[in-house]
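> For reference, the sequence and a predicted model appear below.
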Amino acid sequence: MKKQRRQFLSQLTSRIAGLGAMAAAPVLTQAASQSSNSHISVKNIRISREPNKTRLVFDLDGPVEHSLFSLHKPERLVVDLKKTRLMDSGVLQELHSRQLKSIRMGVRNTHDLRIVLDLKSRTTPSSFLLEPKGNNGHRLVVDVKEQSASSSSKYKEMAKKKSLRDVVVAIDAGHGGNDPGATGRLGTHEKNVTLQIARRLKKEIDSTKGMRGELIRSKDRFMRLRDRIKKAHEVDADLMISIHADSFPDVRARGASVYALSVSGATSESARLLAEKENKVDLLFGDVDLNHQDKMVRQVLLDLSLTGTIESSLDIGDEVLKELGRVGRVHKKKVQQAGFAVLKAPNIPAILLETAFISNPKEERKLRSRAHQNKLAKAILRGVNDYFSRKAPPGTWLSEAQEHYVIKKGDTLAEISDKYSLPVSHLRTRNSLRNDQLRVGKTLYIPAS
Ligand SMILES: [Zn+2]
């Protein structure tokens, strides 16, 4: 044991000798006296830990002359005590805290004691001496305070100033009120399952950092298509998702489909028929007579502003379709395009989901099940997250990154999130990660906390 300690100390001394040459601030005076008597002893070192501060108290048997200086990369604090020795270096092993990784000692100029604090981050050190009082003798107090301007908190401040907003997803439950939509063989109304799925999707979205869901309708009521679009604009939606359930005379028809708007026409005959069917609602219940004088002008303006968002809609649609394919069957393997009125929200990318065929009794049962509705909601969220982790609008939490981190061999998500003081879930969301498996060489976005 003694031999080990001696080895340990001699290693330290040689390490510290090298370290001395790097000392940038020459606070130390080289006036080392040659006389070896009248040494001050450090009898003990006590530690007290606060969230942002570590305090070390050196119990001494006399007043000491000392100096402090910091070294960076890695962060260290060096405490030099003139003509001092440490009675038991074993106490050093107990000294660690949130700021303090470890503590080492060495002897300088044969008489002086050098204590090196290995720190976890950049700190502001300070020290003072205390005279004997009560049961306490001479003491040297060294405080190590975390610097508030660490890279993560600096970014936090920046983020606060810029107030990064959430991506807003408008969730449109199809049909409602006196428009029940399609009805299944078991008597399930489309308007009810769409609202249930919409609510579950909102819950999933709201519990995801950087996103917020807004329901276009939150109860069983009729809404005209143009009012749905208006509502999406009112909530400043970045995306509108319209939720429906398909129906077809042949009960065998099955699977989910994803639609995006087309300006030039439907991609398939079935897409055209469906658009007609879903649009018909306004003909039945709403006043679709557009103001005829400027109808053409408005149409041209609308189409111009739409072309940009159609591409985004197809992109989001792809991601959502991929995810829906993981939890169930898909009807068509590609995002379909058709002239759905509800998708005509200028400047807002929009997709319409036919979640399954309500006309297929097997799928109707699934649509009614809470478990399946949750699965759908989670799949939709994943697709949406995949898209926005790549292409979120500027100024949103999902579009920003305080820095990039290239994954090294042996890295874990927990360690990386710890390094940046972020919840693991934030790293997952910002990078749209399915699980905690990391690919070496891949770059991670480090989000604002
Ligand atoms: Zn519908």
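Perfect, thanks for sending it. Everything quoted here is computed from the prediction, not taken from an experiment.
> ok, V327 - contacts?
With contact taken as Cβ atoms under 8 Å, 6 or more residues apart in numbering, V327 is in contact with 375-376, 378-379. Backbone N, C-alpha and C define where each C-beta goes, glycine included.
> Need phi/psi at G325.
phi -60, psi -20 (degrees, to the nearest 10).
> Would you quantify the distance from it to H96?
To H96, G325 is 50 Å away according to Cβ to Cβ, to the nearest Å.
> which secondary structure element contains R55?
Assessed by DSSP states H and E, R55 sits inside strand 53-60.
> what lines up beside that strand in the sheet?
Next to strand 53-60 in the sheet, as set by DSSP bridges, lie strand 40-49 (antiparallel), strand 138-146 (antiparallel).
> and the ion, which of those strands is closest to it?
Closest approach to the ion among the strands paired with strand 53-60 (Cβ to the ion): strand 138-146, 56.0 Å.
> so where does G383 fall, helix or strand?
helix 370-391.
> list the buried ones in the helix or strand just after that helix?
Remark: after helix 370-391, the chain's next helix or strand is strand 403-406, criterion DSSP H and E. Residues Y405 are the ones in strand 403-406 that count as buried (16 or more other Cβ atoms under 10 Å).
> can you list the residues that contact strand 403-406?
So strand 403-406 is in contact with 151, 416, 420, 441-446, going by Cβ under 8 Å, 6+ apart.
> List just the nearest of the residues you listed to the ion.
Y445 (36.9 Å).
> Can you tell me how far that closest one is from T188?
In terms of Cβ to Cβ, Y445 sits 42 Å off from T188.
> Which one of these two is surrounded by more residues?
T188 (20 against 17; other Cβ atoms under 10 Å).
> wouldn't that one be in contact with P361 here?
No: look at T188 against P361 with Cβ atoms under 8 Å: they stay out of range, at 9.6 Å.
> Which part of the stretch 301-449 of the chain gets nearest to the ion, residue-wise?
E354 (7.4 Å).
> For the strands paired with strand 53-60, give me TSV that also has mean pLDDT.
Rendered in TSV, the data for those read as follows (pLDDT from 0 to 100):
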stretch	mean pLDDT
strand 40-49	90
strand 138-146	90
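> Return the most buried member of these.
Counting by mean count of other Cβ atoms under 10 Å, strand 138-146 has the highest mean neighbour count of the strands paired with strand 53-60, with a mean of 19.
> which residues touch it?
By Cβ under 8 Å, 6+ apart, the residues outside strand 138-146 that reach it are 52-64, 66, 68, 77, 79, 81, 98-100, 117, 119, 121, 123-132.
> how about the strands of the stretch 251-400 of the chain, start to end?
Taking DSSP state E, counting those that start in this stretch as the test, the strands found in the stretch 251-400 of the chain are 257-261, 336-338, 350-357.
> what about those, which gets the closest to L239?
Smallest distance to L239 across the strands of the stretch 251-400 of the chain (Cβ to Cβ): 7.1 Å, for strand 350-357.
> any idea of the angle the closest one forms with helix 370-391?
Interaxial angle, strand 350-357 versus helix 370-391 (axes from the mean of the first three to the mean of the last three Cα atoms, to 10 degrees): 150 degrees.
> Quick one: mean pLDDT for strand 350-357?
Average pLDDT, strand 350-357: 91.
> Select only the buried ones of the contacts of strand 138-146 in ChimeraX?
Remark: buried members of these, expressed as a ChimeraX selection using 16+ other Cβ under 10 Å:
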select :53,54,55,56,57,58,59,60,64,66,68,77,79,81,99,100,117,119,123,125,127
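> How many neighbouring residues does V320 have?
24.
> quick one on the thing from earlier: could you dump the strands paired with strand 53-60 into TSV and include distance to E403?
Below are the strands paired with strand 53-60 laid out as TSV (distance: least, Cβ to Cβ, whole Å):
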stretch	distance to E403
strand 40-49	29
strand 138-146	19
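> out of those strands, which comes closest to A256?
It is, among the strands paired with strand 53-60 and with distance given as Cβ to Cβ, strand 138-146, at 50.6 Å.
> and that closest one, C-alpha only, in PDB?
What follows is strand 138-146, C-alpha atoms only, in PDB (Å, rounded to 0.1, in the frame of the first residue of the first chain):
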ATOM      1  CA  HIS A 138      -6.200  28.300  10.500                       C
ATOM      2  CA  ARG A 139      -8.000  27.500   7.300                       C
ATOM      3  CA  LEU A 140      -7.600  28.100   3.600                       C
ATOM      4  CA  VAL A 141     -10.900  28.200   1.700                       C
ATOM      5  CA  VAL A 142     -10.900  27.500  -2.100                       C
ATOM      6  CA  ASP A 143     -14.100  28.000  -4.000                       C
ATOM      7  CA  VAL A 144     -14.700  26.700  -7.400                       C
ATOM      8  CA  LYS A 145     -17.700  28.200  -9.100                       C
ATOM      9  CA  GLU A 146     -19.200  27.100 -12.400                       C
END
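> from the chain's centre, how far out does that strand sit?
Strand 138-146 has its C-alpha centroid displaced from the chain centroid by 36 Å (Cα atoms, centre = their mean, to the nearest Å).
> mind starting the numbering at 298 from now?
Yep, numbering from 298; the last one is strand 435-443 now.
> what's across from L426 in the sheet?
L437.
> what's the model's confidence in the helix or strand encompassing V465, averaged?
Using DSSP H and E, V465 falls within strand 464-470. Strand 464-470 carries an average pLDDT of 96.
> tell me which residues in the very next helix or strand once past that strand are buried?
Proceeding N to C from strand 464-470, the next assigned helix or strand is helix 487-503, under DSSP H and E. Neighbour-count burial for helix 487-503 flags 487-499, 501-502 (criterion: 16+ other Cβ under 10 Å).
> that older thread, redo the strands paired with strand 350-357 as CSV? Include distance to the ion.
Shown next, in CSV, are the strands paired with strand 350-357 (distance: least, Cβ to the ion, whole Å):
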stretch, distance to the ion
strand 337-346, 60
strand 435-443, 56
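> Among these, single out whichever gets nearest to R569.
strand 435-443 (63.3 Å).
> K350 contacts T421, doesn't it?
No: the criterion here is Cβ under 8 Å, and K350 misses it with T421 at 9.5 Å.
> can you give me the helices in the stretch 498-647 of the chain?
Here the stretch 498-647 of the chain has its helices, by DSSP state H, counting those that start in this stretch, at 522-531, 566-582, 592-624.
> Comparing those helices by mean pLDDT, which bottoms out?
Among the helices of the stretch 498-647 of the chain, helix 566-582 scores lowest, at a mean of 62.
> check contacts around the residue of the stretch 598-746 of the chain closest to the ion.
Contacts for E651 (Cβ under 8 Å, 6+ apart) come out as 541-543, 553-556, 571, 628.
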